[in-house]
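Trainee: Need coordinates for the below:
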Amino acid sequence: MIQPPLDSTIYEGEIATYWFEDEILVSQSKSVKRTVENISANVALIKQITNNRRYPLLIYLTKSPIPDKATRHFSTTQLPLIYSAMAMISEPGLSRFIMRILFQLKPPPIPMKSFTNETEAKVWLKQYVQQ
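Mentor: Numbers count the residues shown, from 1 in each chain. Presented below is the predicted three-dimensional model:
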């Protein structure tokens with residue numbers, strides 16, 4: 001599990017912990033089942049943290065139960081409202097599995113890429129920082 005920098009403001013949500021690093025929102029996901037309710041609460045939290053500005057997200061994935069179809073659909077509609085891009089860091093295979101579940105028939109609504117290297121993920125995300 002990744003630890004936020006000591007000088008960062010930490011934001012705790014039900015499904016993840018958040019902080020900023022160089023204009024990138026960083027997230028450590030939690031092993032809780034995603035529901036429409038907790039995704040809705042998380043979207044509200046992100047909008048509060050970011051003052052409704054879209055940021056690129058670097059997410060450290062954790063295994064969690066597979067959400068139901070309604071939650072998966074709701075999640076995909078909310079992503080472009082709060083993030084400009086998403087880089088996922090996880091053990092090999094996990095992020096691909098999650099993307100396959102969420103985006104079975106259509107491409108993701110924002111640029112997404114899987115990484116095993118944090119530095120490479122941050123370099124890729126920098127192009128999505130909005131001025």
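Trainee: Mind listing residues that contact stretch 34-53?
Mentor: 11, 13-16, 18, 25, 32, 64-65, 67-68, 70-71, 74-75, 78, 81-83, 130 (C-beta atoms under 8 Å, 6 or more residues apart in numbering). For glycine as for every other residue, the C-beta is placed from the backbone atoms N, C-alpha and C.
Trainee: mind redoing it with 7 Å?
Mentor: The contact list for stretch 34-53 (C-beta atoms under 7 Å, 6 or more residues apart in numbering) reads 11, 13-16, 18, 25, 64, 67, 70-71, 74-75, 78, 81-82.
Trainee: So which of those residues belong to helices?
Mentor: Judged by DSSP state H, the subset of these located in helices is 70-71, 74-75, 78, 81-82.
Trainee: so which two of these are the farthest from each other?
Mentor: Farthest-apart pair in these is 70 and 82; separation 18.8 Å (C-beta to C-beta).
Trainee: Of these two, give the one with the bigger neighbour count.
Mentor: Ranked by neighbour count (other C-beta atoms under 10 Å), residue 70 and residue 82 place residue 82 first, with 21 against 10.
Trainee: separation between the more buried one and residue 65?
Mentor: As judged by C-beta to C-beta, to the nearest Å, residue 82 and residue 65 stand 22 Å apart.
Trainee: and the most centrally placed residue in the chain, what does it touch?
Mentor: Nearest to the mean C-alpha position of the chain, by C-alpha atoms, centre = their mean, lies residue 59 at 4.7 Å. Residue 59 makes contact with 27, 29, 86, 88 under the criterion C-beta under 7 Å, 6+ apart.
Trainee: beta partners of the last one?
Mentor: For residue 88, the beta-bridge partners under DSSP bridges are residue 59, residue 114.
Trainee: So it sits against residue 114, correct?
Mentor: Yes. Residue 88 is within contact range of residue 114, at 5.1 Å (criterion: C-beta atoms under 7 Å).
Trainee: Can you get me a residue count around the nearest residue to residue 21 once chain neighbours are set aside?
Mentor: Distances taken as C-beta to C-beta, 6 or more residues apart in numbering put residue 5 closest to residue 21, at 6.8 Å, once the chain neighbours are dropped. As a burial measure, residue 5 scores 10 neighbours (other C-beta under 10 Å).
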